[in-house]
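[1] With the input below, show me the fold.
(chains A, B, C and D)
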There are 4 protein chains.
Amino acid sequence: MNAIKDSVHDYIALGSVAAALIDTPAFQRLRHIKQLSTVRLVYPSASHTRFEHSLGVYHLADRALDHLAVGEMDADHVRAAALLHDVGHGPYGHQTEEVIRRHTGKDHDEVGELLYEVGLAEVLESEGLDPDRVAALIDGQGELGALVSGELDVDRMDYLVRDAHHTGVPYGTIDHGRLVRELRLCDGKLVLAEGNVPTAESLLLARTLMDGIVYRHHVSRIAGAMLERAAEDLLEHVDIDTFRRMADHDLLVSLREHVPELGRRIEQRDLYKRSVWAGLDRVPEAVTELAYEDIRATEREIADIADVPERAVVLDIPSRPTIKESQARVVVNGVVQRLENASELVPALRATQRAGWRMGVYAPERSRDAVRAAATDVLGLP
Amino acid sequence: MNAIKDSVHDYIALGSVAAALIDTPAFQRLRHIKQLSTVRLVYPSASHTRFEHSLGVYHLADRALDHLAVGEMDADHVRAAALLHDVGHGPYGHQTEEVIRRHTGKDHDEVGELLYEVGLAEVLESEGLDPDRVAALIDGQGELGALVSGELDVDRMDYLVRDAHHTGVPYGTIDHGRLVRELRLCDGKLVLAEGNVPTAESLLLARTLMDGIVYRHHVSRIAGAMLERAAEDLLEHVDIDTFRRMADHDLLVSLREHVPELGRRIEQRDLYKRSVWAGLDRVPEAVTELAYEDIRATEREIADIADVPERAVVLDIPSRPTIKESQARVVVNGVVQRLENASELVPALRATQRAGWRMGVYAPERSRDAVRAAATDVLGLP
Amino acid sequence: MNAIKDSVHDYIALGSVAAALIDTPAFQRLRHIKQLSTVRLVYPSASHTRFEHSLGVYHLADRALDHLAVGEMDADHVRAAALLHDVGHGPYGHQTEEVIRRHTGKDHDEVGELLYEVGLAEVLESEGLDPDRVAALIDGQGELGALVSGELDVDRMDYLVRDAHHTGVPYGTIDHGRLVRELRLCDGKLVLAEGNVPTAESLLLARTLMDGIVYRHHVSRIAGAMLERAAEDLLEHVDIDTFRRMADHDLLVSLREHVPELGRRIEQRDLYKRSVWAGLDRVPEAVTELAYEDIRATEREIADIADVPERAVVLDIPSRPTIKESQARVVVNGVVQRLENASELVPALRATQRAGWRMGVYAPERSRDAVRAAATDVLGLP
Amino acid sequence: MNAIKDSVHDYIALGSVAAALIDTPAFQRLRHIKQLSTVRLVYPSASHTRFEHSLGVYHLADRALDHLAVGEMDADHVRAAALLHDVGHGPYGHQTEEVIRRHTGKDHDEVGELLYEVGLAEVLESEGLDPDRVAALIDGQGELGALVSGELDVDRMDYLVRDAHHTGVPYGTIDHGRLVRELRLCDGKLVLAEGNVPTAESLLLARTLMDGIVYRHHVSRIAGAMLERAAEDLLEHVDIDTFRRMADHDLLVSLREHVPELGRRIEQRDLYKRSVWAGLDRVPEAVTELAYEDIRATEREIADIADVPERAVVLDIPSRPTIKESQARVVVNGVVQRLENASELVPALRATQRAGWRMGVYAPERSRDAVRAAATDVLGLP
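    Presented below is the predicted three-dimensional model:
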C-alpha cells in the first residue's frame, strides 16, 4: 500500500480508491487552493493547501472507522467522501463561497452534479462506488455523513490541528487521537462515548480561540472582504462556471487583468484599513441583517458622501456567530445528550463569540477618516 | 554565558547568580522531586522534575523582564526568585503540601527562614542580593512578586507548556511567547496589554482543561490520597524537618520501611479503587467542609462499620475549586480590569470546575463494596 | 517592536528597517514563491514560501549577531541582507535559476542592480543604509557576508529546519540554537568555536540526508526538468525581465497559455516517467559535461530516433555534487581549520553524494520504452 | 482495548497480554529506572524511564508486525518480548551492567531465569505464551528476535526518538514511521526493503551523533564512572541479587548509607573533574585493554603516587567503539547486503567514533593536578 508523508499525521496509507481519486485533475487542483486563504497575510507560515488537508481528513476518517462497527462497503464510501469533501470549493475557499452561492445557489458541499462534471464520478464508479452516495455523505446526510460533515466531523479535527501546526498558534492542537478513538454510532447517531464531555468541550474551545485569533483576525477579514468585492466585479468579465473551477493562482492573475486596483492590493498586501470596527452593542440590529444588495447600496451611499470612488468603501457584516459543535452528542451517565445540555461552557462560548463579533468598514488609508464620518452617519452608529 | 539545553525552551542562558544558585545542594535536590508526582502513574511520560521546571520559570521571567521597564537590581532579584520559587517543596511536591502545613504552619512559598537554613541565603548575599527580598518575591509580594507568584506568573506559563510536552496532552500548550511579550507594569500592577483578553482566557482554559484531564485525574488523586495518608503515618517515625527536606526517592524508601503496605502499593501502582465518587450535588455541604481531624475520624468510622482495617479507607475531599487566573488584570479600552469582569468565560469555567469536583472514598478492590455501603451511610449520601 | 508569528521560530521581532522593507511589493512578492517549488509534488505539506523563510533567516542573523562583536551599523546591514537575500529569485526559485543565468548572466544572489530596479534601494537609503553594501553581503562578500551566504550561513540553518518542519521529514532538524550561539569572528573569518566539530558535521549530515530524500527526490527532479524546459519555450513569448520578476502563479498561468501541454502536466502533476536513471558508473564522462546547447541537440536526436515529438524527451544532467559546508571553519585545539580537514565524515559524504548522483531521461509513460532505447544508444550507455 | 497516552507515539493500544504484564511489580519497577541514568545531569529534561520506553518499543513492534507476514502466535510472543526487553536491567540501567556482569556473568538481556524469579513467566503462561520463547526473543535469537534485539531492532528506533524528545537534542529524530513500514523478512533475515540505504544510514548517523553529544557526554561519563565505582563498594554491604533488583531510588539511598562520600556527590551533582582526557592517539594500546582488576590496581597506584585516598581516582576506559547498525541488512538491486557493504558512510562513521574515543581519569577538583601528574606517569602517556 502506498503512503504519503504528511507533516501532521506522518505517513498516510492510501487504498486503491484513494490513489485513483488523487490522480485526477479535479483533486490535483486542490494543491492550488490554500486552506486559509487570506489568513496567511497575518500568519506567513500558513500556506498549506486543501490538498494536504483532504489527505488528513481521509486519514482521520480511516482511523475513526477502526473504532466504528461499519461494513467495508460503507467504509469505502466514507473514506472517498472524506477525501473529496472539499472538491466543491472555489478559488480562495471560504472567501468566495458567498459569491458562488449568490450566483449558483450552491454551497461547496453540494457536489452531486459536480462529481459528474469533473470526472470524479467515473473514477468512483470504476472502483465500484456510487457517486451519489459519496455526494450525500459529503453533504452530511445519514449517520455516517455526520463523520464527514457534522458537529463531530473529522474535517474540523484535521483543520484545527493542521492550522495550529502551520500558523504556529497552539490553540487548535486538540487531542484528535482521543477524539477518533471515542466516536461511536448509537441509535443512528454519531456520539462521543461516556466520559468525553471535556473532550467535546476542548473541540469547542479550540474552535472559539482559533476563531478569534486566527480565522477572524481583522487583517484576514479586510483582505477577504476586498477579495469578495473584487470577485463580484470579476464576474462581469468571467462566467461563474469558469470562476468556481479556478484555483488560487488563476484568480490572482485574473483579478490583476480585470480588477487591477484591488487585484494589485491583494497580491501585494497593500490593504485597506479599518475606518469602522464596531461590536453588536454599537451596530443597529437592522444593519446586521442587511441583504447583499442593500450592503452594496450602502457602500455606494457612504462613498458618495465621503466623496471617494465606490470601490474605496468595503462594508463587511459577518453573520451572527453560531457554534455548530454545541450540537455534538455525548453520552453522559448512559444517556445521549447534546453537548449544550451537558456543558456549562456552551452558553459562555456563545457569549464570547457574540462579544467578539465586529462589523467593519474598510477604506484606503488616505480616505479612512472621510469614510468613517460618512459610515457613522449612514449606518446610524452612536 | 553558560546555557542549558531544555526540551521546552531550547537553550536557557544562565547568568552568574543563577549558575551559583544551581550548584547548591538545595537546588540540586529539585532534580529528585518530580513535577507531577502521582500524575505519572496515569501519563507515564510525565517524569519531569522541579529542577527543569525551575530553569524554565527562570527563563520566562528573564524574557518577560525584557518587556518590562525594571532596574537591573530588581531584575536580578526577580530572576533569583523565579529560579528558587520551588525550593520550599517537600517530597512529591503538592502531594505533601497539606501534611507539611499541618505540622509546620508553612506553605511551600514561605521560604524566608528556609533560604538561610539550606545555605541559599549565603550564596545570594555573596552575589550581592538580599535573601529576604527574594523570599518576599517568591511569596508573591509587590508588583514584581506577581510575576513569580500571581495570576499571571511565569510559573503557570512554564508548567502548563511543560506538562503538556511531557504528558502528551496538548491542552496546556498556551502561547507563552505572546504572554511574556504582552505583560506590562501599570500603576504598580502586573497587567496584560490591550487586546489580550483572549490571551488571558487561553491561560484560564488551558488550566481548566489540564485540571480535569491531567492534574485531577482520578488515578492520580487516589495515589495522592494514599500517599498523604502514608505520609501522616510516617511522621510517627520521622521528624517533620527531616521529612520536608526529603526528595522523592527518600520518601519512597522511607515509606517502604515504616509504612510498608501503603508504601509498596504506591511504588508498584497497586492502587485502591473508587468506592464512592460523588459530585457537589450528592455530597452534603457539611461533608465538603470537614476539618482534617474529622476526616480521619470519619475514615475510622467507615472502616469500623465496613469491618476493614483503618488504613483500608481513604477519604479524599478536595477543596472547593477556585480560578486564581480569573483575577488577572487586562487592559480593555485603556482601562485595567480584572479578567472576570472582562470575559464571559470566567463564570462558565467556574461552573465547569464546580461540576467537575468529586469527593472520593478509596479502598482495596476486595473491600470496595463494603466500604461503599458504610461510607454512603456515614456520609449521608443519597 | 512589532513581531510576526512563525511556525518555526515562534515570534520574530522586527526592527524599523525590517518593517519598512517587508512592506514593499518586491518583498511581498516572496509570498508567492514557494520555498521548495516542485518538491511539494512529493511532500504535499511543503507549501511554505520564501517570504516566511526570509523572515526566518533575518531572525537567525539577528540571534547570531548577539554573539558576535559587531557594530550596530554593520549589524543593520547584515540584518537587511539576511531579510532580502532571496529577492533575486525568479518564479519557482532554484528551478528557473539556470534559465535566468543563461539569459541574463546573473545568479539570484547578484542583486546589485535589482535593488535599485525594484525600489528596495530607496527604502534602504531612507533608513540610512547603503544598498551596495547590502548587495555585497547578499553576495557573500566579506567576513559578515559569510553569515548571509557562506558555508555557515543562517540561510541554510533556516531552510533545513523549516523544510523538515513542513515536509515532515525529520533529517533537517539541526540544532540551530547551538549553531548561532557558537559562531565567532576570528581573524576576519566566520568560524565555529572550539568543541563544535560535531555541530558542523551535523549540518553536513542534515544537508546530505535532505538532499537525497527531499531536495533531489526523483519526482521533484522530473517536474523541475519539465518546468525548466517549459520555461525555455516560454521565453520565446515573454521577455526575460518580465519572466524573472514573475511569481509562481504568474508562471503557471503563463505556461498554460503559451506552453499548454507541459503547463497542464505540471499543474496537474501528470508527470513524465523515468526512461533512463543512471549513476556515474554508467554514464560516460563526456555526457556529464554536456553544455546546454548540446543537451538540447541530444534531446532532439533521441526524440527523432524514438519517433516522438521533441518536447517528449527531457534530458536531466545535474552538476557534479559539491558539499559547500565542508569548507566551514571550525576551531580545533585553538587552531582554525576547514571542516574537511577536521572531520572523517567529509570524504564519506562526498562519496555518498557521488553515489547518489543520477542522470535522468524523462518521457511520457507511453513513450517510455522507445525513448529508453533511443537514449541508451545516443548517450552510449552500457 | 485499553490505551496509554505517550508523549512520543500518542496513544499506545494495549492487548490483554500487555495489560496483564504491565500490572506486575516486575514491570512497574521500570517506572523507577531512568532511561538515561546519568545523562540527565547534563540534559535536565531527560528524566524519562524504561517504563515508557518499554511501552514505546512494544508499540513499534506492533506496528512493524503489521508489515511482516507473521502468524498471530509468533506476533504475540514478539510483542511480549518487546514489552519486557528491559526487565533485566539493574538500577541506573547500563551504568551498572558491567558490575552485574562481573558478579553474575549475565547481561541484561539474558532473562531466561529472571522471568521465572520475578513472576513474569507465570503471567505469560496464563496468557498462553511460552516464557522461554519470550526470553529467547529478548536475547535476539531467531529471525524475529532481530526485531527485538538486533541491528534493526525497534528498541533503538524508540530510544533514539524518545531521547531526542526528552533531551531536546534533535539528532535522534529518525523517521521511525518509515523504518517500521519498510522492514521485511527475507530468507529468515530481517531486512530493509529496496530503496532504503539512506533510511538505514540515517539510523547510523543518528546513533553516532547522539553518542557523541548525548550518550557519551563527559559529564555523564564522569558521573557514570563514579557510580560504577560506588556500586562495587556497595556490593561489600549488599548481595548481588538484592542489588540487581533495586530501582534507581533504592540505589541512591543505599549508596548514601554505605558509600556516603560518593553517594552524596552523585546525588548532589558534585562531580569529579577530568584530570586526564586522552584519545586513542595518546593512550598506549596495552592501557586500552586493561582488565577490571588491573584498572583497580592502576587506580590505587595513581592514588598512592598522588597521595590522595584511593576513592579519589577513577579511571574510565571505555571499550573500543563498534557500530552494530553497520551490520543491518538492506536490499540493493534485489540482493540482500550488509549496510557496511552498501554504504560509503559506514567506514567514516567508524573512524568518527574512533576519533571520539576518550579515556578519562577523574578526581576531585582539589586533587586534579596531582592526579594528572601521577596518571600520566603510571599510564605512560606522552
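[2] can you give me the strands for the stretch 251-382 of chain A?
    A:273-278, A:314-316, A:329-332, A:335-338, A:359-363 (DSSP state E, counting those that start in this stretch).
[3] which strands and helices sit next to the fourth one?
    When contacts are defined as 3 or more C-beta pairs under 8 Å, 6 or more residues apart in numbering or on different chains; DSSP states H and E, strand A:335-338 sits against strand A:329-332. Any C-beta I mention is one placed from the backbone N, CA and C, and that applies to glycine too.
[4] Tell me the strands beside the strand it packs on, with direction?
    Next to strand A:329-332 in the sheet, as set by DSSP bridges, lie strand A:189-192 (parallel), strand A:335-338 (antiparallel).
[5] Output the ones you listed in JSON lines, with mean pLDDT and mean neighbour count appended to each entry.
    Shown next, in JSON lines, are the strands paired with strand A:329-332 (pLDDT from 0 to 100; neighbours: other C-beta atoms under 10 Å in any protein chain shown):
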{"stretch": "strand A:189-192", "mean pLDDT": "94", "mean neighbour count": "20"}
{"stretch": "strand A:335-338", "mean pLDDT": "94", "mean neighbour count": "14"}
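[6] quick one: contacts for the residue nearest to residue A:60 when sequence neighbours are not counted?
    Leaving aside its chain neighbours, residue A:60 sits nearest to residue A:154 (3.8 Å; criterion: C-beta to C-beta, 6 or more residues apart in numbering or on different chains). Going by C-beta atoms under 8 Å, 6 or more residues apart in numbering or on different chains, residue A:154 touches A:57, A:60, A:61, A:64, A:82, A:147, A:148, A:180.
[7] The residues you listed in strands, which ones?
    Assignment to strands by DSSP state E places none of the contacts of residue A:154 there.
[8] What is the nearest of those to chain D?
    Taking C-beta to the nearest C-beta as the measure, chain D lies nearest residue A:180 of those, at 9.6 Å.
[9] Tell me the pLDDT of the residue nearest to the spatial centre of chain A.
    Centroid check for chain A by C-alpha atoms, centre = their mean gives residue A:94 as the closest residue, at 4.8 Å. We have a pLDDT of 92 for residue A:94.
[10] What separation do you get for it and residue A:223?
    13 Å (C-beta to C-beta, to the nearest Å).
[11] what do you get for residue A:203?
    Residue A:203 is 28 Å from residue A:223, by C-beta to C-beta.
[12] hmm, the helix or strand bottoming out on mean pLDDT in chain A in reach of chain B?
    Every helix and strand in chain A was compared by mean pLDDT, DSSP states H and E; the lowest is helix A:345-356, with a mean of 88. Yes: Helix A:345-356 lies in contact with chain B when judged by C-beta under 8 Å from any C-beta of the partner chain; the contacting residues are A:345, A:347, A:348, A:349, A:351, A:352, A:355.
[13] relative orientation of that helix and helix B:345-356 in degrees?
    170 degrees (axes from the mean of the first three to the mean of the last three C-alpha atoms, to 10 degrees).
[14] which residues does the nearest residue to residue A:146 once chain neighbours are set aside form a beta bridge with?
    With sequence-adjacent residues excluded and distances taken as C-beta to C-beta, 6+ apart, residue A:146 is closest to residue A:190, at 4.1 Å. Counting by DSSP bridges, residue A:190 is bridged to residue A:185.
[15] Residue A:190 contacts residue A:330, doesn't it?
    No: judged on C-beta atoms under 8 Å, residue A:190 makes no contact with residue A:330 at a distance of 10.8 Å.
[16] who does the nearest residue to residue A:365 once chain neighbours are set aside bridge with?
    Closest residue to residue A:365 apart from its sequence neighbours, by C-beta to C-beta, 6+ apart: residue A:273 at 5.2 Å. Counting by DSSP bridges, residue A:273 forms beta bridges with residue A:363.
[17] list the contacts for residue A:273?
    Taking C-beta under 8 Å, 6+ apart, one finds A:222, A:362, A:363, A:364, A:365, A:368 in contact with residue A:273.
[18] buried subset of the residues you listed?
    A:222, A:362, A:363, A:364, A:368 (16 or more other C-beta atoms under 10 Å in any protein chain shown).
[19] wait, which of these is closest to residue C:228?
    residue A:222 (38.2 Å; C-beta to C-beta).
[20] any idea how far that closest one lies from residue B:195?
    From residue A:222 to residue B:195 the distance is 17 Å (C-beta to C-beta).
[21] And residue A:256, by the same measure?
    Residue A:256 is 34 Å from residue B:195, by C-beta to C-beta.
[22] What parts of the stretch 1-150 of chain A come near chain D?
    Near chain D, when you scan the stretch 1-150 of chain A using C-beta under 8 Å from any C-beta, you find A:3, A:10, A:11.
[23] Mark which of the residues you listed are buried, thanks.
    Buried among the residues of the stretch 1-150 of chain A next to chain D by 16+ other C-beta under 10 Å: A:10, A:11.
[24] Just the residues of the stretch 1-150 of chain A next to chain D: which are in helices?
    Counted as lying in helices by DSSP state H, out of these, is not a single one.
[25] Same list, the residues of the stretch 1-150 of chain A next to chain D, but as CSV with pLDDT please.
    Converted to CSV, the residues of the stretch 1-150 of chain A next to chain D look like this (pLDDT from 0 to 100):
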residue, pLDDT
A:3, 94
A:10, 95
A:11, 96
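[26] which regions of the stretch 1-150 of chain A lie under the pLDDT threshold?
    A:1 (pLDDT under 70).
[27] Most neighbours among the contacts of residue A:154, which one is it?
    Tallying neighbours with other C-beta atoms under 10 Å in any protein chain shown puts residue A:82 at the head of the contacts of residue A:154, with 31 neighbours.
[28] Name all residues that make contact with the closest residue to that one other than its chain neighbours.
    Nearest non-adjacent residue to residue A:82, counting by C-beta to C-beta, 6+ apart: residue A:61, 3.7 Å away. Listed by C-beta under 8 Å, 6+ apart, the contact set of residue A:61 reads A:78, A:79, A:81, A:82, A:147, A:148, A:154.
[29] Show me which residues of chain A sit near chain B.
    A:169-171, A:173-175, A:198, A:201-202, A:205, A:209, A:212-213, A:343-345, A:347-349, A:351-352, A:355.
[30] Intersect these with the contacts of chain C.
    Applying C-beta under 8 Å from any C-beta to those, those adjacent to chain C are residue A:169.
[31] could you flag which of the residues of chain A next to chain B are buried?
    A:169-171, A:173-175, A:198, A:201-202, A:205, A:209, A:212-213, A:343-345, A:347-349, A:351-352, A:355.
[32] contacting residues for the residue in the stretch 251-382 of chain A positioned nearest to chain B?
    Chain B sits closest to residue A:348 of the stretch 251-382 of chain A, with a gap of 3.0 Å, by C-beta to the nearest C-beta. Contact analysis of residue A:348 by C-beta under 8 Å, 6+ apart lists B:344, B:345, B:347, B:348, B:349.
[33] follow-up on the earlier one: can you list the contacts of residue A:273 in JSON lines and add pLDDT?
    Shown next, in JSON lines, are the contacts of residue A:273 (pLDDT from 0 to 100):
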{"residue": "A:222", "pLDDT": "98"}
{"residue": "A:362", "pLDDT": "98"}
{"residue": "A:363", "pLDDT": "98"}
{"residue": "A:364", "pLDDT": "98"}
{"residue": "A:365", "pLDDT": "96"}
{"residue": "A:368", "pLDDT": "97"}
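[34] what about the residue of the stretch 151-300 of chain A found nearest chain D, how many neighbours?
    Across the stretch 151-300 of chain A, no residue is closer to chain D than residue A:177, which sits at 4.5 Å (C-beta to the nearest C-beta). Per other C-beta under 10 Å, the neighbour tally for residue A:177 reads 19.
[35] returning to what we had before: with respect to residue B:162, which of the contacts of residue A:273 is nearest?
    Closest to residue B:162, out of all of the contacts of residue A:273 and judged by C-beta to C-beta, is residue A:222, at 37.2 Å.
[36] With that, I have no additional questions.
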